[in-house]
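Compute the structure for the input listed below.
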Amino acid sequence: MANQDPEDASDITAAELRDIVAAADGVSDAEALCLVDALEESGIPAVAEPQRVEGAFQGNRIYVPRRFHAHARAVIAQARAQAQARGVEQAFDIENIAETTDDTRDEVLMAMFALRAETAEARSEKLSQYAAVWLRDGVSAVYMAKCLAAAGLRRDEAEAFVAAQTERQRASCDKPCGQRRALGAILILYGVVGIALSAHQWIWTGALGSLGTKIAAIVVGLIMMRPGRR
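Predicted coordinates for the structure are as follows:
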């Protein structure tokens, strides 16, 4: 990785070296070695220390001087993106596919390999069921690539499949979200109109509920109008 450090680490003081902060948590041993190397290649002093909770290993925490924290996070993000890209590319290598499908310890990968014997329609339907779970659970792109390669998809087919599944999942979320926002708008309208009519002392506005009810409707409506997280 090219040295992208916008600062000069050669003048770092002993006090700055002691003032360290975490740049990444829960990192595996293998990834910790790669990330520390990437940081040091960028001129950022880094150290990985194991995290343990009640004696159980919880991954490594990578520390860097506070002065380089923001840049370290950027270097880590770039290193992870590059590692993921390499992993996805390697997943579709013929030799790696053979090794993957020989791994009988992973039942999902074996199920993917069995899909090669299915018709294209049956395979697509079953892969869609798996993909819905993978996307919901945030399964890594590298593992999804291994599974789709094991199922017999080329890289371009796998990319198109994942894009289609992602769009389908987004559309399924958009419909209830749209209904929720529509109901929120109705509640806000009810509250605003009710308060406006009450201010003009219309005789029948009592049927719209008390002032507290109208205010509560506006508050609930505003909450429902907020975009949900994805």
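
So residue 57 sits against residue 29, correct?
No - contact criterion C-beta atoms under 8 Å: residue 57 and residue 29 do not qualify, at 9.1 Å. C-beta here means a position set from N, CA and C on the backbone, and glycine is covered the same way.

and the closest residue to residue 75 other than its chain neighbours, how far is that from residue 71?
Closest residue to residue 75 apart from its sequence neighbours, by C-beta to C-beta, 6 or more residues apart in numbering: residue 42 at 4.9 Å. As defined by C-beta to C-beta, to the nearest Å, residue 42 lies at a distance of 7 Å from residue 71.

Looking at these two, which is more packed in?
Neighbour comparison, residue 42 and residue 71: the larger count goes to residue 42, with 23 against 20 (by other C-beta atoms under 10 Å).

Surely residue 147 forms part of a strand?
No - assessed by DSSP: H, G, I helix; E, B strand; the rest coil, residue 147 does not belong to a strand; its assignment is helix.

Just after the helix or strand of the chain with the lowest mean pLDDT, pick out the following helix or strand.
Each helix and strand of the chain was given a mean pLDDT (mean pLDDT, DSSP states H and E); the minimum falls on helix 94-101 at a mean of 68. If you walk from helix 94-101 toward the C-terminus, the next helix or strand you reach (DSSP states H and E) is helix 107-114.

Show me where this structure has its strands.
20-27, 47-53, 56-65 (DSSP state E).

Next, format those as CSV and append mean pLDDT.
Shown next, in CSV, are the strands of the chain (pLDDT from 0 to 100):
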stretch, mean pLDDT
strand 20-27, 94
strand 47-53, 91
strand 56-65, 92
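
any idea how far the residue nearest to the spatial centre of the chain lies from residue 184?
Nearest residue to the geometric centre of the chain (C-alpha atoms, centre = their mean): residue 138, 5.9 Å. To residue 184, residue 138 is 28 Å away according to C-beta to C-beta.

Next one: residue 184 relative to residue 66, how far apart?
Taking C-beta to C-beta, one finds residue 184 at 43 Å from residue 66.

What of residue 13?
12 Å.

Who has more neighbours out of those two?
The neighbour count for residue 13 versus residue 66, taken as other C-beta under 10 Å, is higher for residue 66 (14 against 10).

residues in contact with the more buried one?
Contact analysis of residue 66 by C-beta atoms under 8 Å, 6 or more residues apart in numbering lists 16, 19-21.

Kindly give a single PyMOL line that selects the buried subset of the residues you listed.
Remark: buried members of the contacts of residue 66, expressed as a PyMOL selection using 16 or more other C-beta atoms under 10 Å:
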select buried, resi 20
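
Compile the contacts of residue 66 into CSV and extend it with columns for distance to residue 62.
Shown next, in CSV, are those (distance: C-beta to C-beta, whole Å):
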residue, distance to residue 62
16, 17
19, 15
20, 10
21, 10
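
so where's this structure uncertain?
For the chain, the stretches with pLDDT under 70 are 1-10, 98-104, 172-180, 190-191, 193-211, 214, 217, 221, 224-230.
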